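Student: Have a look; sequence and predicted model below, questions after that.
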Protein chains: 2
Amino acid sequence: MNVLLNLLVLVGIAALAQAKACEDDVLCTYREDLCRDNVYYQKLCPKICGKCGKLYKMTYFDLRGRAEQIRWILEQGEANWEDIRIKLEDWPKIKPTTILGQLPFLEVENVTLGQSAAVAMYLARELNLVGSNELEAAEVHMVWQTVQEAFNDQVNIRFAPDNPTRIQRQNDYDNGRFPILTKFLENRLKDGQEWLVGNKLSAADIVTASLLDTQTGKAAEAVKNSPTLSALTKKVKELPRIKNWIAHRPYNDY
Amino acid sequence: MNVLLNLLVLVGIAALAQAKACEDDVLCTYREDLCRDNVYYQKLCPKICGKCGKLYKMTYFDLRGRAEQIRWILEQGEANWEDIRIKLEDWPKIKPTTILGQLPFLEVENVTLGQSAAVAMYLARELNLVGSNELEAAEVHMVWQTVQEAFNDQVNIRFAPDNPTRIQRQNDYDNGRFPILTKFLENRLKDGQEWLVGNKLSAADIVTASLLDTQTGKAAEAVKNSPTLSALTKKVKELPRIKNWIAHRPYNDY
């Protein structure tokens, strides 16, 4: 009984110390190297290192794919998160145990959340990346969904069954979905508008920069030839936390 | 100048009268028939008839399609909304003028919002159909997105280029997407759980009932053989406002 009581007291003290550390950043100075590599420093300076708040566990393949923009949101939002990566060869075994037979999914506070759009918009809200009001949040969602459609086309091109089909799909993308997307995005950045929604960075900019950054061929040329879209992509990738993530993330082809 | 002043005073009085009517429901008793058919009664009793608040203009084809679940949300949420329907033959002319070259879109407070998922989740928030907290709202979004994937399969089956392809896609749906969807939904309704998210009606139930209601063939059998899914579909369709909408909506094949 005494052992249990002592244990409870210890847990209580640890929780109070954690809460104190989260509020008391004067003890800590931002040191990127320590935040990245030093577990003791991370524990001592949790807010500085983005280790306060809820723990988000994000599971995906060891790829950028559908998860990379979500990882950028988690990084930019200074979330306390775990990057769980499943090997492709283990997937058939794991698939039937997952909420929707799909990746990514997010675990938070005993809830498992599937569907990348739902995960992204939930995290964007939690981490203040959805603009300034409900209508702006809806516009962020619209941009997210529109970029996801372009992403889905890219996946369909990659996994097209044979070469005539792949060339056809690539043409449809280059001459259909992609120019519509760029026109839509450029319209939102007209008249010196700095960000895609409202007047501050949101998940709309993050997902867009992440997609535009991975374009190849004709689509890459289109981004290069659009000063507004090039500038947006560069600006997002230069955000200190995202820049740091890109520099240190695991290497993947796509 | 006097004319302008008089006009401004009149507009002011009308606005005040509208605001008063919105708050003062003692004048009005709920009369479904009058709310539906009598323009004078609608104006006199706007809150009772769901005519208060923002005006939402929803534009889609003269079809159920991707808009019907959104119309159910608007009805269930007692929104003040306009059901704008575009003829198929007019679409090529209108398409280049729309925000994303797609339907549906929503106009509200000078903002145009494309992407049906963004429109639906925005309206669900505005009309209190997203559960009780942010995690439940995210679960509503997950269900919405999952049902949309099944809906997209149905569209792909309908517009498949030829019969072997159509049969293949139908088989993939009947033996792949659809059983995964039903298992996912049934799991959420286990242990006497009455609604798909939390303990109250949400947009998750509305989109699901709307989809399950339109199944044919093997999928229809699957719904019929699932007591939980049949009960959910029936319960949503029996909600007085949705029942009334279904009874009076324009007739469309799909």
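Tutor: Everything's here; your move.

Student: how about the helices in chain A?
Tutor: Along chain A, counting by DSSP state H, helices occupy A:2-23, A:32-37, A:39-44, A:68-76, A:91-94, A:116-126, A:134-158, A:163-172, A:178-188, A:203-213, A:217-224, A:227-237, A:240-248.

Student: would you list those helices in JSON lines and tack on mean neighbour count?
Tutor: Just so you know, the C-beta spots here come from the backbone N, C-alpha and C atoms, and that holds for glycine as well. What follows is these, written out as JSON lines (neighbours: other Cβ atoms under 10 Å in any protein chain shown):
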{"stretch": "helix A:2-23", "mean neighbour count": "10"}
{"stretch": "helix A:32-37", "mean neighbour count": "14"}
{"stretch": "helix A:39-44", "mean neighbour count": "13"}
{"stretch": "helix A:68-76", "mean neighbour count": "24"}
{"stretch": "helix A:91-94", "mean neighbour count": "10"}
{"stretch": "helix A:116-126", "mean neighbour count": "24"}
{"stretch": "helix A:134-158", "mean neighbour count": "20"}
{"stretch": "helix A:163-172", "mean neighbour count": "13"}
{"stretch": "helix A:178-188", "mean neighbour count": "17"}
{"stretch": "helix A:203-213", "mean neighbour count": "25"}
{"stretch": "helix A:217-224", "mean neighbour count": "15"}
{"stretch": "helix A:227-237", "mean neighbour count": "16"}
{"stretch": "helix A:240-248", "mean neighbour count": "14"}
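
Student: Lowest average pLDDT across these?
Tutor: In terms of average pLDDT, helix A:2-23 trails the rest of these, at a mean of 56.

Student: My read is that residue A:73 contacts residue A:205, right?
Tutor: No - in this structure, residue A:73 is not within contact of residue A:205 by Cβ atoms under 8 Å, at 10.5 Å.

Student: Around chain B, which positions in the stretch 101-250 of chain A sit nearby?
Tutor: Neighbours of chain B within the stretch 101-250 of chain A, by Cβ under 8 Å from any Cβ of the partner chain: A:101, A:108-109, A:111, A:113-115, A:117-119, A:121-122, A:125-126, A:134-135, A:137-139, A:141-142, A:144-146, A:180, A:184.

Student: Could you chop chain A up by domain?
Tutor: A:2-44, A:134-241 (automatic domain parsing).

Student: Now distance to residue A:81 too, for those domains, in JSON lines please.
Tutor: What follows is these, written out as JSON lines (distance: least, Cβ to Cβ, whole Å):
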{"stretch": "domain A:2-44", "distance to residue A:81": "13"}
{"stretch": "domain A:134-241", "distance to residue A:81": "12"}
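
Student: quick check, distance from stretch A:139-153 to the centre of its chain.
Tutor: On the basis of Cα atoms, centre = their mean, to the nearest Å, stretch A:139-153 sits 14 Å off its chain's mean C-alpha point.

Student: what pLDDT does the residue nearest to residue A:102 when sequence neighbours are not counted get?
Tutor: Once flanking residues are discounted, residue A:102 sits nearest to residue A:114: 6.1 Å by Cβ to Cβ, 6 or more residues apart in numbering or on different chains. Residue A:114 is assigned a predicted lDDT (pLDDT) of 96.

Student: Tell me the bridge partners for residue A:114.
Tutor: Counting by DSSP bridges, residue A:114 is bridged to residue A:105.

Student: Spit out the contact partners of it.
Tutor: Residues counted as contacts of residue A:114 (Cβ atoms under 8 Å, 6 or more residues apart in numbering or on different chains) are A:98, A:99, A:100, A:102, A:105, B:142, B:146.

Student: Could you report the distance from the fourth one to residue B:168?
Tutor: In this structure, residue A:102 and residue B:168 are separated by 21 Å, where distance is defined by Cβ to Cβ, to the nearest Å.

Student: now residue A:77, nearest residue through space, not along the chain?
Tutor: Closest residue to residue A:77 apart from its sequence neighbours, by Cβ to Cβ, 6+ apart: residue A:127 at 2.6 Å.

Student: and if you look at residue A:143?
Tutor: In space, residue A:143 is closest to residue A:204, 3.7 Å off (Cβ to Cβ, 6+ apart).

Student: just checking, that neighbour touches residue A:148?
Tutor: No - using Cβ under 8 Å, residue A:204 is not in contact with residue A:148, being 11.7 Å away.

Student: so what's residue A:78 scoring on pLDDT?
Tutor: If you check residue A:78, the pLDDT there is 89.

Student: Next one: it from chain B, what distance?
Tutor: 18 Å (Cβ to the nearest Cβ, to the nearest Å).

Student: Also residue A:33?
Tutor: Counting by Cβ to the nearest Cβ, the gap from residue A:33 to chain B is 34 Å.

Student: Let me see the contact set for that residue.
Tutor: Residues counted as contacts of residue A:33 (Cβ under 8 Å, 6+ apart): none.
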